[in-house]
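# Dropping a prediction and its sequence here:
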There are 2 protein chains.
Amino acid sequence: MGRNRATLADVARRAGLSKTAASMVLNGREGTRLSAEAHQRVFAAAEELGYRPNLAARSLRTRKTATIAFVSDIVATTRFAGGLIRGALDAARERDHVLLITETQGDATFEQYAIEAMLDRQVDGVIYAAMATRRLTVPPAILGGPVVLLNATSADGLPCVLPDDDRAGRSVATALLEHGHRDAIALIGRNRLKEGDPEVSLAARARLRGIQQALGDAGVSLLAECFCTEWLPEHGYAAMRGLLSRPSRPSAVICMNDRLAFGAYQALGEAGLSVPDDISVISFDDDPIAAWLRPSLATTALPHEQMGRRAVELLLDGGAAEPSLVAMPLRRRRSLAPPAG
Amino acid sequence: MGRNRATLADVARRAGLSKTAASMVLNGREGTRLSAEAHQRVFAAAEELGYRPNLAARSLRTRKTATIAFVSDIVATTRFAGGLIRGALDAARERDHVLLITETQGDATFEQYAIEAMLDRQVDGVIYAAMATRRLTVPPAILGGPVVLLNATSADGLPCVLPDDDRAGRSVATALLEHGHRDAIALIGRNRLKEGDPEVSLAARARLRGIQQALGDAGVSLLAECFCTEWLPEHGYAAMRGLLSRPSRPSAVICMNDRLAFGAYQALGEAGLSVPDDISVISFDDDPIAAWLRPSLATTALPHEQMGRRAVELLLDGGAAEPSLVAMPLRRRRSLAPPAG
DNA sequence: AGTGGTCGCTAAACTGATTTAGCAGAGCAT
DNA sequence: ATGCTCTGCTAAATCAGTTTAGCGACCACT
C-alpha cells in the first residue's frame, strides 16, 4: 500500500530547498520569511510529485493523528447506528479527520482490547457511544484525553450528546391533543426496568415524563397504560389486543417506539379496525418501518445523524459541559386524525 | 490522549539493557542470543511501566499499521451495513487489526478524499464495499496495495466477496416446490434495470436465474411475474393488488426482497386473505422485519456478518482469485404452507 | 569601521520504534 | 601466544516528518 510515495525530502530536493523550507511552505506557516518564489517552487514540486505527507511520521512528532476513535457497545451493528456513524463521518470529514471504529459488544475483555488498540494508535479523542440511550460507566483508560459520550451520560459529568426525549414526549402528547384527543388516550410500552434504571434506559423515563407533563398541563389523564417487557412488535401486538378487549376503546394510542406501534397495527388490522379513522397512533424513533406502514406512522425521529455530528463537533471544537440535547423532530403522517364520532 | 506513556527507551533503561534488546525481547525475535535473565528483566520492566508500543512510530519503520480501510459507497449507514461491519470488526480483532471506516456516499469527490485519507494513514489494505451487490469500477488509487471487494465485483478480477444469490433463488423456489406449489407460483419484483445492468445490481439477475432454473428443472413455469420500479413496500403492495385482481389467484408468491414482501402482506391483509392459508410468501434478505411480520416471513438471509468476516480474511490471509460466494441460508418461517384445497 | 537588524534560508535535533552491523569477552584449539 | 568461534549485548542508522536554533548576506546607522 502506498509504496513509492514521494517524501518531503523528495519535494525539497526538487524545489532546490531544504526539508525545513518545504515543510513550512506546505504547512502554510506564518512568519517564515521564505520568498514568494520559494513558495512557488515548493508547491510546484509537491504537485508534480503528487506529494502527500505520511501522517504516521507527522503524528510521531506532533502527537496528532487527525483520527477519532468511535467506540460503541453494540451500536455499529444495529440499524440505529447508521445515522450516528454517518453524522460522525460527515463532521469528521469536514474537519479533516477520520474515524477508527470498534465495537465492544458489551464485553469487558473486548472493550479493554478495543480501547488499547485505539490508544496505541494515538487517536486524538474518543467518542463512546451506546445503542440504547442510557447512563454508563466510562472505562478509566480513555479519560487521559478528550472524550464525548454519544447517546449516553455518565456520573463523571463528561460532555455528552443525547436525544431530547422529554420534549419528544411532550410533542407526541401535544400532537394528539391538537387533533382533539383527550380522555381516550392509551399508552403502550410502560416498562419498570427501563423507566427505573438509568443504566438500562434514559429514554423511557424521559418520554414518559414528557407525555405526562403535556397531558397534565391540558388536564388530561391517560385512559390506560400497558406494560411491556420489551419494546418489540410482538409486545405491541399483545398490548393492543389487551386494549381492544377492554370495555372502552381508546381513540388514540401512544407507543413508546415504532416497533411496538408496528405490532399495534397488526392487532388493529386483525381486529378490522382502521388507523386513523378508528384509532390514531403515534410513536417514537422514526424507524424506517414507520414510513412503510399503511397508513404511514406519525412518530418523533431519533436524530441520529445530528447526534453523531454533534459528538464530533463537541470533541474537536470543545463545548459546553452540560448535556447537549438534540431535538427529535415530529414526523406528522397519516396515522393521526380527530377521534371518531 | 495517551500522554505520559512509557516508551521503549524507558523500558530498556529500567531493565538495564539497550533499546535493541528490549525491542527484540518484546517482539519475541528468534535467534537473538539474549539471556533468559534479560528476557525476564525486559518483561518485568514493560509490565511495571504498563508499556504499550507506539504504533505510529513502529509503522514508520515497518510500513505496517495493522489498520484496514473499510471504504463503502453508502453501506455504513444502512441497516444492511451493520452485519458487514460487525463481521469485519470481529475478524479484524482476531488478527489484531483495526478498521478505519469511511463512506463515499457515491460522490466522486468524497471518494477521492476518503481514499487519500486512508492512504495517508498507511493502511495495510482496503475493503471496498457496496451497498447493493453490483459490479463497480475501483478507483485506481487503491490498486497499489491489497484490495478486497465486498458485496461487489469489478472488471479487474480483484478478490471479492458476494452472497450466493443464484443458489438462494434455487432454494427459495425449491422450498415452494417442496410444499407442493407448482402451477400457481407468482413472482414479485422483476426489474429490467436491476436485471440488466450489473453496475446497478447483480442480485436481481442471479436470484431470477436461480428461481427459473429450479422451477425449470421441475417442469414448472411461473403463473405471473410483476415488474416493480423499486423494491420498496409500496411496490410490493401495488404488485400484490395487481395479482389479486387477476382471474386466477396464485397459491404462492416469491418476492425479490423482504420489503416487497412486507408490501405484499399489507395488500393481502386488506384483501382479507391469510398467509399462508390462502397464499404462501417467500422472499430474500432476512431484513429484521421478516421476523416481525405476522406470520413470520420465510426468506433467505443475506449473510452480512460472514461476508464482512470473509473480506478481512481474504485481505489479510490472501485467498483465491475467483469470487468468494457466501451461502444465503433459508429461514423457514410461518409464511409457507401447502396450497389451499 | 564596527554594530545591529532584517531577510531568506538550513543544519540538526527530535518523535519512538525496528534493524543492521559489529564489539567485547570467554572458551577452545593450535 | 595466537587465532577462531561463540555468546550476549549495543551503537547507530533508519523511517518521514516538525521544530529549534542559528548562519551568512546585505543594509542602515553611528
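Yep, it's here.

# What angle do helix B:258-270 and the host helix or strand of residue A:261 make with each other?
Secondary structure here is read from DSSP states H and E; on that basis residue A:261 sits in helix A:258-270. For helix A:258-270 and helix B:258-270, the angle between their directions (axes from the mean of the first three to the mean of the last three CA atoms, to 10 degrees) works out to 30 degrees.

# Skipping adjacent residues, who's closest to the residue of the stretch 201-341 of chain A found nearest DNA strand D in space?
With distances taken as CB to the nearest atom of the strand, the stretch 201-341 of chain A approaches DNA strand D most closely at residue A:316, which sits 17.8 Å away. Where C-beta positions appear, they are placed from N, C-alpha and C, glycine not excepted. Spatial nearest neighbour of residue A:316, chain neighbours left out: residue A:95 (5.4 Å); criterion: CB to CB, 6 or more residues apart in numbering or on different chains.

# what helices or strands is the helix holding residue A:261 leaning on?
Packed against helix A:258-270, as judged by 3 or more CB pairs under 8 Å, 6 or more residues apart in numbering or on different chains; DSSP states H and E, are the following elements: strand A:185-190, helix A:233-244, strand A:252-255, strand A:280-285, helix A:288-292, helix B:288-292.

# Flag every buried residue along stretch A:89-105.
The neighbour-count check on stretch A:89-105 (16 or more other CB atoms under 10 Å in any protein chain shown) flags A:89-93, A:97-105 as buried.

# what about it and DNA strand D, touching?
No: interface with DNA strand D: stretch A:89-105 contributes nothing (CB under 7 Å from any atom of the strand), its closest point being 13.0 Å away.

# Format the buried residues of stretch A:89-105 as TSV; extra columns: distance to residue A:80.
TSV is the format used below for the buried residues of stretch A:89-105 (distance: CB to CB, whole Å):
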residue	distance to residue A:80
A:89	15
A:90	17
A:91	18
A:92	19
A:93	21
A:97	23
A:98	22
A:99	17
A:100	20
A:101	15
A:102	17
A:103	13
A:104	16
A:105	15
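
# I'd like to know which residues of chain A are adjacent to DNA strand D.
By the rule CB under 7 Å from any atom of the strand, the part of chain A lying against DNA strand D is A:5, A:7-9, A:19-20, A:23-24, A:26-27, A:51-54, A:57-58, A:60-62.

# What's the ChimeraX line that selects buried ones from the residues you listed?
A single ChimeraX command suffices to select whichever of the residues of chain A next to DNA strand D are buried according to 16+ other CB under 10 Å:
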select /A:5,7,8,23,24,26,51,53,54,57,58,60
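
# Skipping adjacent residues, who's closest to residue A:104 in space?
Excluding the flanking residues, the one nearest residue A:104 by CB to CB, 6+ apart is residue A:111, at 3.8 Å.

# So what's the gap between whatever helix or strand residue A:325 lives in and the chain middle?
With the criterion set as DSSP H and E, the secondary-structure element containing residue A:325 is strand A:324-326. Averaging C-alpha coordinates over strand A:324-326 and over its chain gives two centres that are 10 Å apart (CA atoms, centre = their mean, to the nearest Å).

# same deal with stretch A:125-138?
Stretch A:125-138 sits 10 Å away from the centroid of its parent chain (CA atoms, centre = their mean).

# which residues of chain A score low on pLDDT?
A:1-3, A:75-79 (pLDDT under 70).

# So which residues of it form helices?
Secondary structure of chain A (DSSP state H): helices at A:8-15, A:19-26, A:36-49, A:55-62, A:81-94, A:108-120, A:165-178, A:192-196, A:203-217, A:233-244, A:258-270, A:288-292, A:304-317.

# Could you save those as JSON lines and add columns showing distance to residue B:44?
Rendered in JSON lines, the data for those read as follows (distance: least, CB to CB, whole Å):
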{"stretch": "helix A:8-15", "distance to residue B:44": "40"}
{"stretch": "helix A:19-26", "distance to residue B:44": "40"}
{"stretch": "helix A:36-49", "distance to residue B:44": "47"}
{"stretch": "helix A:55-62", "distance to residue B:44": "27"}
{"stretch": "helix A:81-94", "distance to residue B:44": "40"}
{"stretch": "helix A:108-120", "distance to residue B:44": "20"}
{"stretch": "helix A:165-178", "distance to residue B:44": "51"}
{"stretch": "helix A:192-196", "distance to residue B:44": "47"}
{"stretch": "helix A:203-217", "distance to residue B:44": "48"}
{"stretch": "helix A:233-244", "distance to residue B:44": "56"}
{"stretch": "helix A:258-270", "distance to residue B:44": "54"}
{"stretch": "helix A:288-292", "distance to residue B:44": "55"}
{"stretch": "helix A:304-317", "distance to residue B:44": "37"}
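
# what about the longest strand in chain A?
Taking DSSP state E as the criterion, chain A has its longest strand at strand A:125-135.

# got a list of what residue A:61 touches?
Contacts for residue A:61 (CB atoms under 8 Å, 6 or more residues apart in numbering or on different chains) come out as none.

# Next, find the distance separating it from DNA strand C.
Separation of residue A:61 from DNA strand C (CB to the nearest atom of the strand, to the nearest Å) stands at 4 Å.

# biggest separation within the buried residues of stretch A:89-105, which pair?
Taking CB to CB, the two most distant members of the buried residues of stretch A:89-105 are A:93 and A:105; they sit 27.0 Å apart.

# contacting residues around the closest residue to residue A:5 other than its chain neighbours?
Of all residues beyond its chain neighbours, the one nearest residue A:5 is residue A:52 (6.5 Å), with distances taken as CB to CB, 6+ apart. Neighbour list for residue A:52: A:5-6, B:116, B:119-120 [criterion: CB under 8 Å, 6+ apart].

# If we use 10 Å, what do you get?
Neighbour list for residue A:52: A:2, A:5-7, A:46, B:116-117, B:119-120 [criterion: CB atoms under 10 Å, 6 or more residues apart in numbering or on different chains].

# One more: residue A:180?
Listed by CB under 10 Å, 6+ apart, the contact set of residue A:180 reads A:251-252, A:280, A:337-339.

# among those residues, which ones are buried?
Under a neighbour-count criterion of 16+ other CB under 10 Å, the subset of these counted as buried comprises A:251-252, A:280, A:337, A:339.

# Switch those residues over to JSON lines; also include distance to residue A:331.
As requested, the buried ones among the contacts of residue A:180 are arranged in JSON lines below (distance: CB to CB, whole Å):
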{"residue": "A:251", "distance to residue A:331": "21"}
{"residue": "A:252", "distance to residue A:331": "16"}
{"residue": "A:280", "distance to residue A:331": "14"}
{"residue": "A:337", "distance to residue A:331": "16"}
{"residue": "A:339", "distance to residue A:331": "21"}
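
# The strand holding residue A:325 pairs with which strands?
Strands adjacent to strand A:324-326 in the sheet, as given by DSSP bridges, are strand A:160-163 (parallel).

# now the strand it pairs with, how far from the chain's geometric center?
With CA atoms, centre = their mean as the basis, the distance from the averaged C-alpha position of strand A:160-163 to the chain average is 8 Å.
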